[in-house]
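In: Structure of the sequence below:
(chains A and B)
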2 protein chains.
Amino acid sequence: MKKKILEMLRDANKNFVSGESIAEIMNVSRTAIWKHIQSLRKRGYTISSSERLGYKLEQIPDLLRPEIVQFELQTKILATDSNYVYKNSIESTNELAKKMAYHGAADGTVIVAEEQTGGKGRLERSFFSPKEKGIWFSVILRPHCMAKDAPKFTLMAAVAVARAMERFNLRAEIKWPNDIMYDGRKLVGILTEMSAEIGHVNYIVVGIGINVNVCREEFPESIREIAASLSEMAGENISRTKFFRALLEEFDKLYIANNFDEVFKIWRKFNITLGKKVTVLSAETGDIFTGMAVDIDKDGALIVETNEGRKTVYAGDVSIRPAK
Amino acid sequence: MKKKILEMLRDANKNFVSGESIAEIMNVSRTAIWKHIQSLRKRGYTISSSERLGYKLEQIPDLLRPEIVQFELQTKILATDSNYVYKNSIESTNELAKKMAYHGAADGTVIVAEEQTGGKGRLERSFFSPKEKGIWFSVILRPHCMAKDAPKFTLMAAVAVARAMERFNLRAEIKWPNDIMYDGRKLVGILTEMSAEIGHVNYIVVGIGINVNVCREEFPESIREIAASLSEMAGENISRTKFFRALLEEFDKLYIANNFDEVFKIWRKFNITLGKKVTVLSAETGDIFTGMAVDIDKDGALIVETNEGRKTVYAGDVSIRPAK
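Out: Residues are numbered from 1 along each chain as shown, chains lettered A, B, ... in the order given. Down below sits the predicted model:
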């Protein structure tokens, strides 16, 4: 009922809809309609009313609820229909996603929360995810691919974010493999996990955390020098709803196309790592070395030219050395 | 109490131990001792008794209970102390292993069952696991390695089985990557699954199913032509307890050594795939092709020389073509 009323108000496109006509269509009393309007207001919708003209939807709250994000969402696999799980608060969207994937959740299922109380980055590092200030979500993917192909989806996710930012006239800078940076500080973190048999991925969970409207002083001191937000970059607050919708649509397109040559091409366009002198802490060997980042290979691994020859980095921490 | 009595009988090394001396050491009545002996007999232990001489442990049941398998087991990581989970019947040891690994079970934890009611092979194929006829188990490993390295542990498991078989004077034939064959039929199946972040394995679950004392006619007709058992190969029944202990010890040694050059060297020694003409159904591309299997690469992938050049097979079904 509430959903239907909301639709009617939305369809009116910022015009008044008379309580009488709503009551008639829904076949309930005008008092019942009024109660639903009150309830919508409590959920954050700004609805003005006039005894003569009826109700007008002034503003939709900038929350990530399904009825808001899924409204006019143009995706075919991601976040469709019931494949959208919304939580006000959660420990970690990746943890729930992994649990749901294990129990058979569909390809493209999205789990999003207004707040994470125990958000995690790589290697169990904690990830700051304050209430209604960012977009903290995970996508369950079930591509037909091998375990060795999973890292490519991390680059795909970074490219999807860059494309979504483009829609807001923000130019993404991707640091290998998938950090989105602004002014040398991190805007977006991506954590990809998977379950696989040898030669066959069961599922991939891509967790993406985006600092949208976090002010500088809202970041804990410990990360203030290494974190940034879209609002800081744009110089104004960004609609989380709209950004999330843009991102889901871009990710959906890339996922359906399944064309990694194209993904890598776009990735190269936005990357800030290649052609730079980098210091690498290899996750594989624990080695630290310095060299020139020259390219990514067909699996998305970073190729670094060092004094001891070319090294291929599959995972690790890369810092870009300041130009001298 | 029962465990202590069992130890005393074992220590006596097939000699009688008087009920009186047991009662004295345990500080309980001879009747109490007799009750425990009865209970041990019910659990499968053959214990003879003489009014004059006392009790003698004649035979330990060929079951995979911890007190039997762990007795004199020489391992440092696998199946140590409480890291041994025994089930009389279970749906699938891999499923329980994955659940336990997710909840933090230790490196080396072994889950073994006398019977699996829903044993699984690759790609959800069912795996026949009849009661007390084989060894159906899973090992949880937490190596410091990357997702791309996980397949190597599958080859390690196959090598461990080959080494255990050697102790029983049975010569293993390994078909790439990890099937152990006898007379062109499968003796042992291995299913490796993992959970990983990009660049960091959370855990690997290696499931191993060994047909030990399954007679030809006990196999369901559907697999009779493609399955074999150790007893058939040896011409006599094999002690499951002893074989399991041997396998755990060999696996433990290889796992601790963490030397894949050595693993691959032994793998090559036992393999029956290299140098043969093979037909491959690639799990990666779905392609079917024929060629000469020439070697495995540093990741354990199969290199096949075809008319269209060299192909690297990371996973798939390989059948060896009969020599003409």
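
In: residues in the stretch 151-300 of chain A within reach of chain B, list them.
Out: For the stretch 151-300 of chain A, the contact set with chain B under CB under 8 Å from any CB of the partner chain comprises A:151, A:154, A:177, A:191-200, A:202, A:283-284. Heads up, the C-betas are built off the backbone N, CA and C, glycines and all.

In: Swap in 7 Å and give it another go.
Out: A:151, A:154, A:191-200, A:283-284 (CB under 7 Å from any CB of the partner chain).

In: possible to save the residues you listed as JSON lines with secondary structure, pLDDT and neighbour count?
Out: Output for these, formatted as JSON lines (DSSP: H, G, I helix; E, B strand; the rest coil; pLDDT from 0 to 100; neighbours: other CB atoms under 10 Å in any protein chain shown):
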{"residue": "A:Pro151", "secondary structure": "helix", "pLDDT": "89", "neighbour count": "25"}
{"residue": "A:Thr154", "secondary structure": "helix", "pLDDT": "94", "neighbour count": "21"}
{"residue": "A:Leu191", "secondary structure": "strand", "pLDDT": "93", "neighbour count": "24"}
{"residue": "A:Thr192", "secondary structure": "strand", "pLDDT": "93", "neighbour count": "29"}
{"residue": "A:Glu193", "secondary structure": "strand", "pLDDT": "94", "neighbour count": "25"}
{"residue": "A:Met194", "secondary structure": "strand", "pLDDT": "94", "neighbour count": "26"}
{"residue": "A:Ser195", "secondary structure": "strand", "pLDDT": "93", "neighbour count": "21"}
{"residue": "A:Ala196", "secondary structure": "strand", "pLDDT": "91", "neighbour count": "24"}
{"residue": "A:Glu197", "secondary structure": "strand", "pLDDT": "87", "neighbour count": "25"}
{"residue": "A:Ile198", "secondary structure": "coil", "pLDDT": "77", "neighbour count": "26"}
{"residue": "A:Gly199", "secondary structure": "coil", "pLDDT": "75", "neighbour count": "23"}
{"residue": "A:His200", "secondary structure": "strand", "pLDDT": "83", "neighbour count": "18"}
{"residue": "A:Ala283", "secondary structure": "coil", "pLDDT": "83", "neighbour count": "20"}
{"residue": "A:Glu284", "secondary structure": "coil", "pLDDT": "80", "neighbour count": "17"}
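
In: What helices and strands are in contact with the helix or strand where A:Val294 lies?
Out: Secondary structure from DSSP states H and E places A:Val294 in strand A:288-296. Applying 3 or more CB pairs under 7 Å, 6 or more residues apart in numbering or on different chains; DSSP states H and E, we find strand A:288-296 packed against strand A:277-282, strand A:302-306.

In: Kindly reformat these as a markdown table containing mean pLDDT and mean neighbour count.
Out: Shown next, in a markdown table, are these (pLDDT from 0 to 100; neighbours: other CB atoms under 10 Å in any protein chain shown):
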| stretch | mean pLDDT | mean neighbour count |
| --- | --- | --- |
| strand A:277-282 | 94 | 18 |
| strand A:302-306 | 96 | 18 |
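
In: So for A:Tyr86, what's the pLDDT?
Out: Per-residue pLDDT puts A:Tyr86 at 97.

In: which ones are touching A:Glu173?
Out: Under the criterion of CB atoms under 7 Å, 6 or more residues apart in numbering or on different chains, the neighbours of A:Glu173 are A:Ile180, A:Met181, A:Tyr182, A:Phe270, A:Ile272.

In: Select, from the residues you listed, the two members most distant in space.
Out: Using CB to CB, the contacts of A:Glu173 span at most 12.4 Å, a distance reached by A:Tyr182 and A:Phe270.

In: phi, psi of the closest residue to A:Gln59 other than its chain neighbours?
Out: Nearest non-adjacent residue to A:Gln59, counting by CB to CB, 6 or more residues apart in numbering or on different chains: A:Thr46, 4.0 Å away. Dihedral pair for A:Thr46: phi -90, psi 110, per degrees, to the nearest 10.

In: Next one: A:Thr46, what pLDDT does it get?
Out: Looking at A:Thr46, its pLDDT is 94.

In: what do you get for A:Asn94?
Out: 95.

In: That one belongs to a helix?
Out: Yes. Counting by DSSP: H, G, I helix; E, B strand; the rest coil, A:Asn94 is found in a helix.

In: Quick check, it in contact with A:Val139.
Out: No. Assessed by CB atoms under 7 Å, A:Asn94 is found out of contact with A:Val139, at 10.1 Å.

In: just to revisit the earlier point, would you convert the contacts of A:Glu173 into CSV that also reports neighbour count?
Out: Output for the contacts of A:Glu173, formatted as CSV (neighbours: other CB atoms under 10 Å in any protein chain shown):
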residue, neighbour count
A:Ile180, 26
A:Met181, 18
A:Tyr182, 21
A:Phe270, 19
A:Ile272, 17
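
In: Adding secondary structure and pLDDT, write those out as a markdown table.
Out: Formatted as a markdown table, the contacts of A:Glu173 follow (DSSP: H, G, I helix; E, B strand; the rest coil; pLDDT from 0 to 100):
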| residue | secondary structure | pLDDT |
| --- | --- | --- |
| A:Ile180 | strand | 96 |
| A:Met181 | strand | 96 |
| A:Tyr182 | strand | 95 |
| A:Phe270 | helix | 97 |
| A:Ile272 | coil | 96 |
